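In: Structure, please.
(chains A and B)
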Amino acid sequence: MPPHRGAGEPNALLKSAGESLSHAGPIIIIYLVLLAMIGVLGVISPNFLSPGLIGNLFSTALPLALAGIAQTVIVLIKGIDLSLGSIISLVMCVAASLMRDSALSIASVFLLCLAIGVAAEVINGLFVVYARLQSIIVTLATSLIFGGVALYVMPQPGGYVPESLLTILSGSVGPIPNSAIILIACLVCVWLPIRRSRLGVGWYAVGGNESGAYFSGVNVNLTKISAFVVAGVFAALAGFLLAAETLTGDPAMGAPYTLNSIAASVLGGASLAGGIGGAIGTVGGAFVLTIFVDVLFFFNVSAYFQYVFSGAIVIVALAIVSMSDWARSRRANRAFASAARASDR
Amino acid sequence: MLRVAGVSKSYAGNPVLKNIDLELDPGKAHALVGENGAGKSTLVKIMSGGILSYEGKLELEGRPYRPSSPSNAQSLGVVAVQQELSLSPYLPVYQNLWLGKGGVGGLLSSKAELRRKSQELLDRYGMSMELGRWVGDLSLEEQQLVEILKALAFDPKVVVFDEPTSALGATNTRWLLDLIAGLKRRGRAVLLISHRLPEVMELADAITVLKDGAKVATVDRRNVKEEDVVRLMVGRDLSEVFPRKTALDELAARETMLEVRDLRAKGVDDASFSVRSGEVVGLAGLEGQGQHDLLLALFGANAAVSGQIKIAGVESVVRKPSDAIRLGVGLVPVDRRTEGVVLPLSISENIALASLGRRQRWGWVDRRKERDVVLRAISDLGIHATGPAAGLVTLSGGNQQKVVLGKWLATTPRVLLMDDPTRGVDIEARSDIYRQIREIAARGVAILVNSTDTLELVGLCDRVLVMFEGRLARELVGEAITEEAIVGAAVGVNGDRHAAA
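Out: Numbers count the residues shown, from 1 in each chain, chains lettered A, B, ... in the order given. The predicted structure is shown next:
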């Protein structure tokens, strides 16, 4: 075990201050906020906690949660993906224009959607990694390209999505909505294994300090490309499920997911400076945002003001996080200084 | 001219300056010497307005002096040429020279006027330089010259030079030393901080020695010799700080672990040498003579152009760091924060990072094995922390450096390259690190350590290779490793002559 120093020493103080900075903090906070929101809503409107509405909440939040995870993965490697919404639109349009009722058709279109999502993100990744462009520029450009392709595939909202998909999505196993099962399956079967593998550790290392990771033998380029691949998978899932939920393809429907996915990541504790964040927190962030919009809807706030409030909540949340970090480090410094004076005497 | 009275400063409870008194007189140069981390640079920042919160008083020409910013200090007549350059890489030289100086170089002054004033400045100090080049395109040495000229642009009353010659070659060092002598003649007060004692002995009128943040003594240069100053700087017996070395005849029996033949790479010209298992070999020389580049080449971070590298007798190709790691070569990089550690991650994740591939089960990281490795490293190296999950940001520099060591120990290396491993590390943690280096060597690892601290090389190494302009200029073994011999070889002169000086 590590040798411990006496509590009177300044170093011991620094360390206890440091531990409260651990990255679990934001995740706990976002879920506490989520619980509080659900609690308040439950009191205001007991209907809200009915199984039907909870199921509804899960299926509304699901595409945003998945888009948020895709964004988080890119944010982890110190990037940002502004093309996410366009990829979601593209996937949605392809799904709605090709799908037929047969299970075979649904399955093959699903695989095609995954391939499109991955291909689109790999294009982003190749430009970021090998052309050494900043992700914000690359994805700003590709968002126009992917959005244009989506419009080409389906100039007007429409297409056909089998209703059986919506039936599955809105169904439930006992009290647990199927959309919740899908989300948990994505976390347990895709996110957690990656997080615990060499690959996931690589994302955090590369995002936290690229040259430090390189000097530790991490293959930086491959690690970054892999993050884009995984983001593509989650973006495709988000687009496909959005098509299933709305039973249409719509070349404009993906657009809001770009900024909302960034908001969900950040609310869930991800740092745009890279290396900090995770899917669990992001899912919490996605739910908080979704419920927030529901609440505005409940109070009949006009759709225009919903954007204003959504933007405000993100800024306020970020300000709270960064101000509390600052206050904490100031407290820690003062504690140090007084401990040092005491030990001098 | 400038008086420092009872100045103290601490960072997060660690005192870096304790009750310092200092007096700078017009027409005199005062030298401030001490080991790395003695608090010299902090004192400079306080005097030049870079650090605002401290205890104690400063007086300039008899009046209280408390600059509110570097530009305020400058307008009061005090400037510092600091180790960290303050230049803007994307502006030309002539704009950099007047940067941040009220009235000049503002939006209203024309390019031609700035160029003219810059040329005057250069002429005044006998320097020539192409004024239109971007500072980012200049060599480090040229940038340092710009930095010096920039400080002198307004003819300050007090000039502080913090290691001004560390980036300069012989010609420009001479230029600077003459420039300082000129400043003295014109009645300016100069504070000179330098590791190079010959410079100090040449220019200074008084010498103040700092050690671990406290003033040891101020002495009149006429009354002391270089050795006296060194004794004051070290202030203790070397054997207290450094572990015992391995006997030379014992080393001679060990196998050769690293063998380098005719290596050419960026900054390295035809290097051939070998390191035995269990041996600690030092790399010495003035800054930028290829020591750093040699380590990068051996680690695969700079590609070797030609030559041979043999590890444990096997010829090896090292093209990138992951190749080196696979072959059992680790590097403790010089810039800990940007190359050594990943600050947002925990101790545990940092230690595990370079050896992740060894603890996989079906592609997953084996958490239990990882925990064992991490806990062993924490206790072996004496890393002071609340536990393996503590974030690296919460550790002191010394403890972060131990984490970097732990990371490489977890790879069970055969060769460990260390690039100035105690830079910015406090004295207590330093002596821990020296002990660790010896213990790692005792396990049969071949260690090659670059250091800018000559005393460290003397105390730590079995053998020292001195580099000069990319070549191995001299090899010193055992008793022959002395500060005088290292410094002499580093500046490219005969060591014996230097020792006699």
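
In: Can you tell me which residues in the stretch 51-200 of chain A are near chain B?
Out: Within the stretch 51-200 of chain A, the positions adjacent to chain B are A:Pro193, A:Arg196, A:Ser197, A:Arg198 by Cβ under 8 Å from any Cβ of the partner chain. Every C-beta, even on glycine, is put in place using the N, C-alpha and C of the backbone.

In: Write the ChimeraX selection for whichever of the residues you listed are buried.
Out: Restricted to buried positions by 16 or more other Cβ atoms under 10 Å in any protein chain shown, the ChimeraX selection for those reads:
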select /A:197,198
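
In: Chain A: strands as residue ranges?
Out: Ranges of strands within chain A are A:172-173, A:176-177, based on DSSP state E.

In: on that earlier part again, which two among the residues of the stretch 51-200 of chain A next to chain B are spaced furthest apart?
Out: Pairwise distances across these (Cβ to Cβ) peak at 11.2 Å, for the pair A:Pro193 and A:Arg198.

In: Show me whatever sits in contact with both of the two.
Out: Jointly contacting A:Pro193 and A:Arg198 under the rule Cβ atoms under 8 Å, 6 or more residues apart in numbering or on different chains are B:Gly363.

In: my guess is B:Pro15 meets B:Val7, correct?
Out: No. Taking contacts as Cβ atoms under 8 Å, B:Pro15 lies outside contact range of B:Val7: 11.5 Å.

In: strand partners of the helix or strand hosting B:Leu331, parallel vs antiparallel please.
Out: Taking DSSP states H and E as the criterion, B:Leu331 maps to strand B:329-332. Sheet pairing of strand B:329-332 (DSSP bridges) gives strand B:415-419 (parallel).

In: contact partners of the partner strand?
Out: Strand B:415-419 is contacted by residues B:257-258, B:275, B:291-292, B:295, B:298-299, B:311, B:328-334, B:408, B:437, B:440, B:445-450 when judged by Cβ under 8 Å, 6+ apart.

In: And the residues you listed, which of them are buried?
Out: The neighbour count (16+ other Cβ under 10 Å) marks B:257-258, B:275, B:291-292, B:295, B:298-299, B:311, B:328-334, B:408, B:437, B:440, B:445-450 as buried among the contacts of strand B:415-419.

In: Next to chain A in this structure, residues from the stretch 151-300 of chain B, please.
Out: Residues of the stretch 151-300 of chain B lying near chain A by Cβ under 8 Å from any Cβ: B:Phe299.

In: quick one: the helices in the stretch 151-300 of chain B?
Out: Shown for the stretch 151-300 of chain B, the helices assigned by DSSP state H, counting those that start in this stretch span residues B:170-185, B:197-203, B:226-234, B:238-241, B:248-252, B:291-299.

In: looking at these, which has the lowest confidence?
Out: Among the helices of the stretch 151-300 of chain B, helix B:238-241 has the lowest mean pLDDT, at a mean of 64.

In: what's the weakest-modelled helix or strand in chain A?
Out: Ranked by mean pLDDT, DSSP states H and E, the weakest helix or strand in chain A is helix A:10-19, scoring a mean of 33.

In: In contact with the spatially most central residue of chain A, which residues?
Out: For chain A, the residue nearest the mean C-alpha position is A:Gly68 (2.1 Å; Cα atoms, centre = their mean). Contact analysis of A:Gly68 by Cβ under 8 Å, 6+ apart lists A:Asn260, A:Ser261, A:Ala264, A:Ser265, A:Gly268, A:Thr282, A:Val283, A:Gly285, A:Ala286.

In: I figured the second one hits A:Val73, correct?
Out: This means A:Ser261. No. Using Cβ under 8 Å, A:Ser261 makes no contact with A:Val73, being 10.6 Å away.

In: list the residues that contact both of the two?
Out: Residues touching both A:Ser261 and A:Val73 by Cβ under 8 Å, 6+ apart: none at all.

In: Tabulate the helices of the stretch 151-300 of chain B (a markdown table), appending distance to B:Arg463.
Out: Formatted as a markdown table, the helices of the stretch 151-300 of chain B follow (distance: least, Cβ to Cβ, whole Å):
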| stretch | distance to B:Arg463 |
| --- | --- |
| helix B:170-185 | 27 |
| helix B:197-203 | 24 |
| helix B:226-234 | 22 |
| helix B:238-241 | 17 |
| helix B:248-252 | 9 |
| helix B:291-299 | 14 |
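
In: Deepest-packed of those, please.
Out: Mean neighbour count, computed with mean count of other Cβ atoms under 10 Å in any protein chain shown, is highest for helix B:291-299 among these, reaching a mean of 25.

In: how far does that helix sit from the chain's center?
Out: 16 Å (Cα atoms, centre = their mean, to the nearest Å).

In: What of stretch B:330-337?
Out: Remark: stretch B:330-337 is offset 13 Å from the chain centroid, using Cα atoms, centre = their mean.

In: Buried ones in the helix or strand hosting B:Arg371, by neighbour count?
Out: Following DSSP H and E, one finds B:Arg371 within helix B:367-381. For helix B:367-381, burial by neighbour count (16+ other Cβ under 10 Å) applies to B:Glu370, B:Val373, B:Val374, B:Leu375, B:Ala377, B:Ile378, B:Leu381.

In: what does stretch A:247-260 give?
Out: Buried residues in stretch A:247-260, counted by 16+ other Cβ under 10 Å: A:Thr248, A:Gly249, A:Asp250, A:Pro251, A:Met253, A:Gly254, A:Ala255, A:Tyr257, A:Thr258, A:Leu259, A:Asn260.

In: any idea of the mean pLDDT in that stretch?
Out: Mean pLDDT, computed over stretch A:247-260, is 93.

In: and among the strands of chain A, the most buried is which?
Out: Among the strands of chain A, ranked by average contacts under mean count of other Cβ under 10 Å, first place goes to strand A:176-177 (a mean of 18).

In: Neighbouring strands - and their directions - for it?
Out: For strand A:176-177, using DSSP bridges, the partner strands are strand A:172-173 (antiparallel).

In: got a list of contacts for the partner strand?
Out: Identification of contacts with strand A:172-173 by Cβ under 8 Å, 6+ apart yields A:Pro51, A:Gly55, A:Asn178, A:Ile181.

In: Tell me how many other residues surround the residue nearest to the first one when sequence neighbours are not counted.
Out: I take that to be A:Pro51. Closest residue to A:Pro51 apart from its sequence neighbours, by Cβ to Cβ, 6 or more residues apart in numbering or on different chains: A:Pro175 at 6.1 Å. Per other Cβ atoms under 10 Å in any protein chain shown, the neighbour tally for A:Pro175 reads 9.

In: Do I have it right that A:Pro175 meets A:Ser50?
Out: No. Checked against Cβ under 8 Å, the pair A:Pro175 and A:Ser50 is beyond contact range at 11.2 Å.

In: before we move on, the earlier item: which pair of the contacts of A:Gly68 spans the longest distance?
Out: Spatially, the most separated pair among the contacts of A:Gly68 is A:Asn260 and A:Val283, at 13.2 Å (Cβ to Cβ).

In: Can you name the residues that contact A:Ala36?
Out: Applying Cβ under 8 Å, 6+ apart, no residues contact A:Ala36.
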